[in-house]
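A.B. asks: coordinates only, sequence not included:
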């Protein structure tokens, strides 16, 4: 009876609604890439940026987050691990192998440092040291062939996809004695178990590109962004998918005079990540903007240009344009906001040799910290009347510059810094400074016993609520 009612409803809607509206009504995000009930799908996604003893990376965690979102959209149960040590990596691999066993479908994605040594490919956890002997890598890293590929093959997974984005420069120093690992890239896979497709972001000895040049504002590396585009396509068999990725990456890298050809190892029958080519993708397209925005890093304000190019009228366009002002400030001045003059770098910064543009970006990104405790107390007390007057008159540029110049780390100073950032339109920075006002170790009621009429923490909480209501969608 339920099926008959749905059939009738669908028939009526076909006559009353345009096709686009029908798709939105009858297909929800959870239905979009629905898989057969018997098929068990699990993905392990690992991204490591914050290495403790070797060079850190910039894009690995962002790439991992993007891939995790895509796998979830494709019906995978995702195990997502970011900046993990060896113990956590091995525990995640054990869980992944167990859950993908006995006829399951498994996908493994790793972004981070990787090195080849003695024919083995080692994926490096964030706690890896700088071993003096190459044989120590086996004790400090995770070996791709034996620890992951062989175990997945032995577990009896119906199909498995292994994607490795670790073809970066060797992070270990080159010493006079024997060096650890090849200069860059991973070695050929010894063999891929039956039912497995393995993809490396670059070929043997090649380096994978994070960006195609200074003008490239995409938050993901070249390989990851192209892989995501292909894996969304319905009716595309996995072998064809990875070959498309290889061609797109190779062509774009060649355009900037770089050699990057992803390596493929296919030992599987035909398999589809999105099996039904007739499935409607309207709901997924509506969610693309959310996923794209979530990948952007406020610490890299120029990335927001990529969002505006793709979504010029998007729901976050106003916020993106505001954050781009920090990117487009080559002269050392931040562009004015809402009629306010640019924030001019205070004299103390110039005398200390700080680059004005860098100092102002630091302010606008919420990275400024007030570190003086005692020696500047008299200067702070002498400036209080002027600071209060600037706050009342909304002279945000002078207020912020003077607070930074004095650098007294009390709660009222951070409150003024938050007000300056808010008045100039840098809402994320303002929220950061207001929160620092709540946790500042020096309290204004202990400095000359006067907070200049402000009530803490009540006024700070009001300011944070005001920002939250003004920008409910901002990160």
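C.D. replies: That came through, no problem. Not measured: the values here are computed from a predicted model. Numbers count the residues shown, from 1 in each chain.
A.B. asks: remind me which residues of the stretch 1-150 of the chain are low pLDDT?
C.D. replies: Applying pLDDT under 70 to the stretch 1-150 of the chain flags the ranges 1-38, 131-132.
A.B. asks: quick one, helices of it?
C.D. replies: Ranges of helices in the stretch 1-150 of the chain, per DSSP state H, counting those that start in this stretch, are 2-16, 19-26, 29-32, 60-73, 86-100, 137-140, 150-154.
A.B. asks: list the contacts of residue 105.
C.D. replies: By CB atoms under 8 Å, 6 or more residues apart in numbering, residue 105 lies in contact with 39, 40, 41, 42, 76, 157, 158, 159, 160, 271. Heads up, the C-betas are built off the backbone N, CA and C, glycines and all.
A.B. asks: try 7 Å this time
C.D. replies: Neighbour list for residue 105: 39, 40, 41, 157, 158, 159 [criterion: CB atoms under 7 Å, 6 or more residues apart in numbering].
A.B. asks: same check, this time on residue 241
C.D. replies: 230, 231.
A.B. asks: element containing it?
C.D. replies: Per DSSP states H and E: residue 241 is located in helix 238-255.
A.B. asks: flag every buried residue along that helix.
C.D. replies: Buried residues in helix 238-255, counted by 16 or more other CB atoms under 10 Å: 238, 241, 242, 243, 244, 245, 246, 248, 249, 250, 252, 253.
A.B. asks: can you check stretch 142-160 too?
C.D. replies: 142-145, 147-153, 155, 157-160.
A.B. asks: now do the helices in the stretch 201-350 of the chain.
C.D. replies: Using DSSP H, counting those that start in this stretch, the helices of the stretch 201-350 of the chain run over residues 222-231, 238-255, 282-295, 304-310, 317-327, 347-351.
A.B. asks: mean confidence for the third one?
C.D. replies: Within the predicted structure, the mean pLDDT of helix 282-295 is 60.
A.B. asks: quick one, the helix holding residue 241 and helix 222-231 angle?
C.D. replies: Calculated by axes from the mean of the first three to the mean of the last three CA atoms, to 10 degrees, helix 238-255 forms an angle of 140 degrees with helix 222-231.
A.B. asks: any low-confidence regions in the stretch 251-400 of the chain?
C.D. replies: 275-288, 291, 294-301, 326-360.
A.B. asks: run the last query once more with 80
C.D. replies: Where the stretch 251-400 of the chain drops to pLDDT under 80, the residues are 275-307, 309-310, 315, 319-362, 395-397.
A.B. asks: show me where it has its strands.
C.D. replies: 263-267 (DSSP state E, counting those that start in this stretch).
A.B. asks: would you mind giving the helices of the stretch 201-350 of the chain as a markdown table with distance to residue 125 added?
C.D. replies: Below are the helices of the stretch 201-350 of the chain laid out as a markdown table (distance: least, CB to CB, whole Å):
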| stretch | distance to residue 125 |
| --- | --- |
| helix 222-231 | 20 |
| helix 238-255 | 26 |
| helix 282-295 | 23 |
| helix 304-310 | 31 |
| helix 317-327 | 33 |
| helix 347-351 | 39 |
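A.B. asks: which one of those is the most hemmed in?
C.D. replies: Compared across the helices of the stretch 201-350 of the chain, helix 222-231 shows the largest average neighbour count, a mean of 23 (mean count of other CB atoms under 10 Å).
A.B. asks: what is the neighbour count of the closest residue to residue 253 other than its chain neighbours?
C.D. replies: Spatial nearest neighbour of residue 253, excluding adjacent residues (CB to CB, 6 or more residues apart in numbering): residue 260 at 3.9 Å. Residues contacting residue 260 under the criterion other CB atoms under 10 Å number 22.
A.B. asks: now swap in the one 10 residues further on and tell me
C.D. replies: The burial metric for residue 270, expressed as a neighbour count using other CB under 10 Å, is 9.
A.B. asks: thought it was touching residue 237?
C.D. replies: Yes. Residue 270 sits in contact with residue 237 when judged by CB atoms under 7 Å, with a separation of 5.0 Å.
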